[in-house]
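1. Sequence below, structure please.
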Amino acid sequence: MDKVKILVVDDDPNICELIRLYLHKEGYETREVNSGRKALDEFSAFAPSLVLLDLMLPEMDGYQVCAALRKISAVPVIMLTAKGEVFDKVLGLDLGADDYVVKPFDAKELVARIKAVLRRYGRLGEHGESTVVYQNLSISPDTYTAVYHGKELELPPKEFELLSFFAQHPNQVFTREKLLDKIWGYDFAGDTRTVDVHIKRIREKMTHDDTWSIKTVWGVGYKFEVR
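-> The predicted structure is shown next:
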């Protein structure tokens, strides 16, 4: 079996080397770069399964790199931020990051976060679920694809998993906390605004449909309403 490849983006060579040692010990293949522009170049050449992305980088910061990556790929991104740095969790998530880790970090925590994100990224395709079909919308968990009005939607992993979960549970109301548990897992370090951010992004990619919609249930949460 091919090794899982992780692209490490950090301008501190000592941090890169430390992460490389940790991840190689866990059986991952890594490549390390020290600037935002190099990250984008290396991403295409290396084709990683996950990106560890530092917030403060020369040439392009982590926010800019994450936004650029999301235009070309849905590969999971974990942001790295130093203690004391101002990190806007909502902005990071709005740009498509899947999680974040604060430096200095414990090696076991970093590896656990990576495994959790990779597990969530592939979770919906592990059990061979069949395609879910509604009017003008089909969702295929096995291939992580959603087709809307005949065109494949560009959805990062969390947006796809959230839409797929809703579509598989029509007319059921879920609280934000329940959605965090189901999609992000108990180990996620964010808050309930994460759900709102991702639903907002999904809604922006799909215009209103007469037979179904993601509806806000005020004071409770959300549901995939099928009429």
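
2. Flag the shaky bits of this protein, pLDDT-wise.
-> 1-2, 83-90, 93, 120-130, 186-190, 208 (pLDDT under 70).

3. Okay, helices next: where are they in it?
-> Taking DSSP state H to define them, one finds helices in the chain at 13-25, 36-46, 62-70, 89-94, 107-123, 157-168, 176-179, 193-205.

4. Now the residue sitting nearest the centre point of the chain. Nearest residue, chain neighbours left out?
-> Most central in the chain under Cα atoms, centre = their mean is residue 98, positioned 3.4 Å from the mean C-alpha point. By the measure of Cβ to Cβ, 6 or more residues apart in numbering, the closest residue to residue 98 outside its immediate chain neighbours is residue 76, 4.5 Å from it. C-beta coordinates here come from the backbone N, C-alpha and C atoms, glycine included.

5. The nearest residue to residue 70 once chain neighbours are set aside and residue 66, how far apart?
-> Residue nearest to residue 70 in three dimensions, not counting chain neighbours: residue 96, with 3.9 Å by Cβ to Cβ, 6+ apart. From residue 96 over to residue 66 the distance is 6 Å, taken as Cβ to Cβ, to the nearest Å.

6. of the two, who's got more company?
-> Counted by other Cβ atoms under 10 Å, residue 96 and residue 66 do not tie: residue 66 has more neighbours, with 27 against 23.

7. quick revisit: report the contact partners of the residue nearest to residue 98.
-> By Cβ atoms under 8 Å, 6 or more residues apart in numbering, the contact set of residue 76 is 49-51, 98, 117-118, 121, 157.

8. Try it again at 6 Å.
-> 50, 98, 117, 121, 157 (Cβ atoms under 6 Å, 6 or more residues apart in numbering).

9. any idea how far it is from residue 67?
-> The value you get for residue 76 to residue 67, if Cβ to Cβ is used, is 15 Å.

10. Could you do residue 27 as well?
-> According to Cβ to Cβ, residue 27 stands 31 Å off from residue 67.

11. Same drill for the two, tell me which one is more crowded.
-> Set side by side, residue 27 and residue 67 show more neighbours around residue 67, with 15 against 9, by other Cβ under 10 Å.

12. show me the contacts for the residue lying closest to the more buried one once chain neighbours are set aside.
-> Spatially, and ignoring its direct neighbours in sequence, residue 67 is nearest to residue 95 (4.9 Å; Cβ to Cβ, 6+ apart). Counting by Cβ under 6 Å, 6+ apart, residue 95 makes contact with 63, 66-67.

13. Mind putting these into TSV with distance to residue 197?
-> Below are the contacts of residue 95 laid out as TSV (distance: Cβ to Cβ, whole Å):
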residue	distance to residue 197
63	14
66	14
67	14
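
14. and which of the residues you listed is nearest residue 9?
-> Using Cβ to Cβ, residue 66 comes nearest to residue 9 of the contacts of residue 95, at 10.0 Å.

15. contacting residues for the closest one?
-> 77, 95-97 are the contacts of residue 66 under Cβ under 6 Å, 6+ apart.

16. Fine, thanks again, bye for now.
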